[in-house]
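[1] what's the 3D shape of this:
(2 chains)
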There are 2 protein chains.
Amino acid sequence: MTTTDTKARRSVYLFGPRRTDGSADMKELLGGKGANLAAMAALGLPVPPGCTITTDVCTAFYDNGRRLPDTVRAGVLAALDEIGKDVGAVFGDPDRPLLVSVRSGARASMPGMMDTILNLGLNDRTVEGLAARSGNARFAYDSYRRFIQMYADVVLGVDHSHFEDILENHKNLNGFSLDTDLEADDWRTVIAEYKAVIEAENGAPFPQDTAEQIWGAVTAVFGSWQNARAITYRRLHDIPDAWGTAVTIQAMVFGNMGSTSATGVAFTRNPSTGANELYGEFLVNAQGEDVVAGIRTPQPLTEIARQEAGETAPSLEALMPTVFGELRGIFDSLERGYRDMQDIEFTIQEGKLWMLQTRSGKRTTAAAFKIAVDLVAEGVLTREEAVMRVEPSALDQLLHPTIDPDAEKHVVATGLPASPGAASGEIVFDSDEAEALKSQGREVILVRIETSPEDIHGMHAAAGILTTRGGMTSHAAVVARGMGRPCVCGASALKIDMAAGTMTAGGEVFRKGDLITLDGAAGQVLKGTVAMRQPELSGDFATIMGWADALRTMGVRANADTPTDAATALSFGAEGIGLCRTEHMFFEESRILAVREMICSADEAGRRKALAKILPMQRSDFEQLFEIMGERPVTIRLLDPPLHEFLPHEAREAAVVAKALGITPEKLKARITELHEFNPMLGFRGCRLAIRYPEITEMQARAIFEAAIAAARKTGKAVTPEVMIPLVAYRAEYDLLANVIRDTARTVEAETGAKLTYLIGTMIELPRAALKAAEIASGETGAEFFSFGTNDLTQTCLGLSRDDAAPILASYQEKQIFEVDPFVSIDVDGVGELVSIGTERGRSVKPSLKIGICGEHGGDPRSVAFCHEIGLDYVSCSPFRVPVARLAAAQAAIQKGMSARDKD
Amino acid sequence: MTTTDTKARRSVYLFGPRRTDGSADMKELLGGKGANLAAMAALGLPVPPGCTITTDVCTAFYDNGRRLPDTVRAGVLAALDEIGKDVGAVFGDPDRPLLVSVRSGARASMPGMMDTILNLGLNDRTVEGLAARSGNARFAYDSYRRFIQMYADVVLGVDHSHFEDILENHKNLNGFSLDTDLEADDWRTVIAEYKAVIEAENGAPFPQDTAEQIWGAVTAVFGSWQNARAITYRRLHDIPDAWGTAVTIQAMVFGNMGSTSATGVAFTRNPSTGANELYGEFLVNAQGEDVVAGIRTPQPLTEIARQEAGETAPSLEALMPTVFGELRGIFDSLERGYRDMQDIEFTIQEGKLWMLQTRSGKRTTAAAFKIAVDLVAEGVLTREEAVMRVEPSALDQLLHPTIDPDAEKHVVATGLPASPGAASGEIVFDSDEAEALKSQGREVILVRIETSPEDIHGMHAAAGILTTRGGMTSHAAVVARGMGRPCVCGASALKIDMAAGTMTAGGEVFRKGDLITLDGAAGQVLKGTVAMRQPELSGDFATIMGWADALRTMGVRANADTPTDAATALSFGAEGIGLCRTEHMFFEESRILAVREMICSADEAGRRKALAKILPMQRSDFEQLFEIMGERPVTIRLLDPPLHEFLPHEAREAAVVAKALGITPEKLKARITELHEFNPMLGFRGCRLAIRYPEITEMQARAIFEAAIAAARKTGKAVTPEVMIPLVAYRAEYDLLANVIRDTARTVEAETGAKLTYLIGTMIELPRAALKAAEIASGETGAEFFSFGTNDLTQTCLGLSRDDAAPILASYQEKQIFEVDPFVSIDVDGVGELVSIGTERGRSVKPSLKIGICGEHGGDPRSVAFCHEIGLDYVSCSPFRVPVARLAAAQAAIQKGMSARDKD
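    Reported below is the predicted structural model:
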């Protein structure tokens, strides 16, 4: 036992052969690295002893203006005493110097983002001790210069080019080509020059006091939590800023002490395929950084791998069979201990094996499925655990073609990764042209400043969509995800000149017909065509998804507007349609004229005449949907967008339309002007359209009900449509339209003699609707289901237009105002509270109320977890996100079950 | 006592000489008329006996598909028995028939909006009894035919033109010119023809069963609650639909039974001036409807009035001195009893006085002030009661010129009554021209499709503003109210042709320079100039406002952007500025170029250069404001509108601006395009601007602080600016800008050696901000005050753009989806809940948090009452609404005190 006081001990956790304070489940406090080292030490594995300064200290460090608390200093010094005892050395002792590494280690792995210092504890005196004890002066001075170089760079902020210049100069002067050509005396000379440049640059000599060294290093590593690289990485990986990093100080071991020394990395299974085979490589007489640096080619660990690779250099299995055997045993016990494939670093110092790190290994999505399924078969994992092991957002990789990671890429511009997948094709700037070229069998990329509902056919024809404006939930993004098309949005560096038919990026001009490739997952626009990998859905995928389906309690539906969408949704495991947007049907070429006629009619009679033309087309749409979906629920939203979206926007087109409608261009223009709005998002749309023109709802309800009857007769299955009224804020709005729908149902029943079963419900997409949910749902005539339209609810709750949000979102994420784009992952604090309020109030008057969400958030794992948490009945998302939602819903159910058990 | 069962008795309340069930305070249940008749009967006044069917029955009537509950029928029949006993008659009895009137009577007076039936109980047999008992067959048959005519029209729906034709025909055939020329036999003939046409039109004979008559009449009167007239009236007067009407059945008395009979109406004081003098008129040998119909000229009640009017026909005082004396006594006791000026109807039947109705009399606003002050002086009212007697919204009448009610008007078009007052002037279509003409001393009306911030100077120059688009809170409306200019908005029937310089309304073409008049209170556009009345603020006004100020507990501030606004606000009694919109200062001709330079700068250095030019101008604005306001609080909102509002919108202007800025027109156009937004309301504005360009906040904070120091030095008063950050949704936004403001304050303090005191706070105008109020206010660095921006909060909570709302609001009010425009009076259920939540949560972490509202609702009496109810510290409204808010705040305080006492 040490004499460290209790306060300090809580800041510093020891690990080593004699005493280990931490354990594997203390990642929050000790970081991943610290917790895993403690775990390995506790298992009795050969781990160089050390200690970990907690993440709490990191928080205190920043709270105190980047200063290390004094109690921590005492704790660290006490720990260094203990570590020294384990290895028979003393920190700062000239004869038996203890050398340590100082490394960061956050709760989540952030490889290479923060700083590391090796060989700390060396100074002009201890280097002599190291030389004497190792009997290798060259090694000792090489270690010292490496330390000085790293320390100067990381702690003192001296540019590393100075050191490179000095070394290069020395090698040139002496005719050396490799670092290994330098002897101890060479390094002494180099070190003297290093120290001189440090004093000149830094105004103070290189610190000889090893205590000063350790405080400098610890302060620098904590400080690196807030370097630009780390901040960016956290933003990209949704790692909260508040977590902080731990710092681990560990006795150094050396893989570069001759031919019986080595260093290596290994995965306990193949991280690429998931196959249960040892996978790794090593270098003789090298330090860990040499393996990573790629200067020498590492050798495979196993004989099999060596043979498969046709490698002549011996495997570790052949070279050091004893150590290899020990290593294999450790691998097995680590995998069993952690119950997961491990990513391991080890060093062999003069024949003795040291374990430096173990952690769950990163893997491809395919490997994740295979490993999880195998571990269940091996009896290591339960099905629940296996389901928890696959990252839902990684499924996108599996469901879409992706850019070959080895392919050469020329990035032309970067935008938002709006819809995953990759596609190559010719540039087209016009939707009609996209359709025409596609019909000739050519692959095209539709390039637009932004898209509108009039581009649907072009987007459908295109292999990928690129816009220069708009965010993750812009029209282009939403539609592309729904269609499963790769899409890059808001690539604002691109300038499109429609008239000239060119797109310019950083001085490079692309013309119509030029080939480009979109990487929708990375948000990149690439020049030419690029090699891709096709998705492969393995049997393991189906196995895990089957388990997930059995484990989840929340339903998963798809947003699907067309029979194609519906069929795709079913193939991805959707249990129903949560949102069928009827307006998409209105934009089809054959229908738009009748829709425009309706909009331009002077009176109800005129509108009814036009609606009568639309009725059979709309009915046939619904009939096909119902036939595909059978008894599964289908939620159909009544007409939602502002009417001006259906009218032509360009003068030339307007003239053609006016002629077709038999009205003067002036009259058409007048109607367009009349319908113009400053803020269409907050304008004449949703139920407001039908409050003014109830005959639209009447037509749509009739189409739905007639189609339901026809489909039921054809398939023999009971069809129960769910008719959804959009943009309700007042119960009276709901009642007015619900009455129209019910009246229409009665009329259709009377006409056909059939008996209809159906539900009427509403989107909850305005704050007022969430607040008044009890009123909207109350009573027999109240809403029978709610579907939270979290896209619009986010726009109104935050006062942020998704079409205009892109530049705002960028600066907000950069300034850490929010951690994730609220249009991608639900803003739990704000929008989430409205969803909770709406759910509670709705169910308070109608416990049976069916509640789901149908915004873009329905396919986002975090948001799915939130929906499960507050007890929604289902989520609905675009067809390609259905597997993501199924898996996320299962994980949410498992997690909730686990935390419930934890509480017991 | 009757035998009526308890259930029925609760639906029907008797009044009369022997028994009265109701009282004056039962208006909710018995309606105004029923409660007042009961009160008069209880006072022992000569009221014809009757009964009132409650408003609950009206509700039940509509709930049961417009059917009268059976229990009510039993109650009414029992009541008719009692009424008959009082007057010695029996309902339906051929010898001693009881005749009754059936009238509506809602909680609030709705004169003439619902139906009335008189003389009910007459049929072919009872008419003979009436003739025999009255000894006046002519009277009896005339009464019968009047009844038939009224009943057929109201209950049976037979067009009244049929009856007019028959009567006209009969008079022509017999050479009669007046109705009084017809004798009993004539009426018999007419009656036969009346009955024939009813049977022909209605398919059934006129009902002879008096019970059938009474059910028909009661049903029709209840039904008239939902006629179009009544619905419109309720909408205009904010009377809830759910109140329903009561129905009063009362024994008939007749003022048309010869020269000792008469009928009249009276006010106990002059309703026009408020003078304490009996005011009224009467007709001998006439029924009440004759007085109203205006066929004969009524005579004055008093001798003084007769002499003043130079009338020769005798006064009632002279003609029937005994009755007059009785009447004067009753008037006094009614005024004392009701403690208010009364509007009274009476009938004299053969020398006997009958009181038919009393109610608080309608009066002009000036009269309301005088009567209230006089009644306090007379010891009738307390000051609290006097303050309650003036309708705050009626103050507008007093504060602005109004159209002379007697003037002849030619209404050209109707829009929204966006800003009160009236003005005449020449039509101009352009703001620059408005300014130019005004500078020549000409009065102009600015006519625009809509206005934008660029029109401020034109609006200021104009005597009135007319737009064809936009709602009650459109830019034009808000600015006009702030400036006190009359404004008619959204007059959509007007077509403006800018190019031609014409405005067309219903075929009539108006050109630039043509004279029109706006009636801002009525929302009317009138042709030519129209006579007006100038506002007169009497001493009574000051008296009541003084009482109100002493009684209210909530502060009243003004929204004021300029020194002129601030001075006006002070003169109207504002206690501070609750909202100074800094952007209005940016639009001034001398500054806009620097603002545009700032917006078009490529980098921060360029922006800072432009901001340096704006700084002295902005500082001088604030200095003037602070000098005027002295120690009173001044809340200054940082720049809020989207930047594109500051850029030129037309190509021609853009070219000029580009030249002035020294950039290419292409570059300016590119910046305009870049800043274009689909939904600017939800876009790059508010604090989002300053998050991206913190140097704007820095400049504004510096201008505020330097001005505060300068003004304090000049006036010797402590200036405490309140700096307000707009459109906050996240605490992090608030912190980023609050830090800029605090840093700037420290810098200015260091530079000047002065010590600043100031507050930093935020608008709460997004649902998320209301929900996260605790987070935003918490801690020392959290917001120190909140100001609810209820305009934007309404837009986001309801998802309704105020600029686009006009057509939606119209159809929503028509369809009774909401009772009042939510932009005029706060939507208590939805927006109000967010304000409550924000207030509670903010104060939960900071009990001292100062909270107000600064939306347009701050000047709306209902909204002011709501703000008082939830405990806000102040409301802020446009200067001209300040007296309205002061009065409303006092009334809210009094009302809350009263209801608190009621609960004790």
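
[2] only C-alpha atoms for contact and neighbour calcs from this point on.
    Will do.

[3] what's downstream of the worst-scoring helix or strand of chain A on mean pLDDT, the next helix or strand?
    The helix or strand of chain A with the poorest confidence is helix A:6-9; it has a mean of 42 (mean pLDDT, DSSP states H and E). Heading C-terminal from helix A:6-9, the first helix or strand you meet, by DSSP states H and E, is strand A:12-15.

[4] Tell me where the stretch 651-800 of chain A has strands.
    A:721-725, A:759-764, A:785-788 (DSSP state E, counting those that start in this stretch).

[5] Say whether chain B is contacted by the second one.
    No - remark: strand A:759-764 sits outside contact range of chain B, by CA under 8 Å from any CA of the partner chain, the gap being at least 11.5 Å.

[6] Centre of the chain to that strand, how far?
    Using CA atoms, centre = their mean, to the nearest Å, the mean C-alpha position of strand A:759-764 is found 32 Å from that of the whole chain.

[7] Name the strands paired with that strand and say parallel or antiparallel.
    Sheet pairing here is set by DSSP bridges, and for strand A:759-764 it gives strand A:721-725 (parallel), strand A:785-788 (parallel).

[8] what does chain A put close to chain B?
    So far as CA under 8 Å from any CA goes, chain A lies against chain B at A:677-684, A:688, A:691-692, A:729-730, A:732-733, A:766-768, A:771-772, A:795-801, A:803-805, A:808, A:811, A:816-817, A:829-831, A:833.

[9] Just the ones of those in helices?
    Per DSSP state H, helices hold the following members of those: A:688, A:691-692, A:732-733, A:767-768, A:771, A:795-798, A:808, A:811, A:831, A:833.

[10] okay, A:T245: pLDDT?
    What the model reports as pLDDT for A:T245 is 95.

[11] same question, the one 10 residues further on
    pLDDT for A:G255: 90.

[12] now do A:S419
    At A:S419, pLDDT is 83.

[13] same thing with A:K659?
    At A:K659, pLDDT is 89.

[14] Run a quick neighbour tally on the residue of the stretch 201-350 of chain A found nearest chain B.
    Using CA to the nearest CA, the closest approach of the stretch 201-350 of chain A to chain B is made by A:D241 at 13.4 Å. A:D241 has 15 neighbouring residues, counting by other CA atoms under 10 Å in any protein chain shown.

[15] is it true that it touches A:Y233?
    No - A:D241 lies out of contact with A:Y233 (CA atoms under 8 Å); the separation is 10.7 Å.

[16] Now do the phi/psi pair for A:M113.
    phi -80, psi -30 (degrees, to the nearest 10).

[17] Verify the stated contact: it with A:T232.
    No - using CA under 8 Å, A:M113 is not in contact with A:T232, being 9.3 Å away.

[18] Could you export the strands paired with strand A:759-764 as a markdown table, including mean neighbour count?
    Formatted as a markdown table, the strands paired with strand A:759-764 follow (neighbours: other CA atoms under 10 Å in any protein chain shown):
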| stretch | mean neighbour count |
| --- | --- |
| strand A:721-725 | 26 |
| strand A:785-788 | 27 |
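
[19] Mind putting these into a markdown table with mean pLDDT?
    Shown next, in a markdown table, are the strands paired with strand A:759-764 (pLDDT from 0 to 100):
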| stretch | mean pLDDT |
| --- | --- |
| strand A:721-725 | 98 |
| strand A:785-788 | 98 |
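
[20] Distance to A:S315 added to these, as JSON lines?
    Listed next are these as JSON lines, based on distance: least, CA to CA, whole Å:
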{"stretch": "strand A:721-725", "distance to A:S315": "65"}
{"stretch": "strand A:785-788", "distance to A:S315": "59"}
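
[21] Could you pull up the contacting residues of the residue most central in space within chain A?
    Geometric centre of chain A, nearest residue: A:S393, 5.7 Å, by CA atoms, centre = their mean. The neighbourhood of A:S393, defined by CA atoms under 8 Å, 6 or more residues apart in numbering or on different chains, consists of A:860-861, A:884.

[22] circling back to that earlier point, separate out the buried members of the ones in helices among the residues of chain A next to chain B.
    By neighbour count, with 16 or more other CA atoms under 10 Å in any protein chain shown, these hold A:688, A:691, A:732-733, A:767-768, A:771, A:795-798, A:808, A:831, A:833 as buried.

[23] State the pair within these that is farthest apart.
    The largest separation in these, counting by CA to CA, is between A:A732 and A:I808 at 36.1 Å.

[24] Let me know the secondary structure of A:L118.
    strand (DSSP: H, G, I helix; E, B strand; the rest coil).
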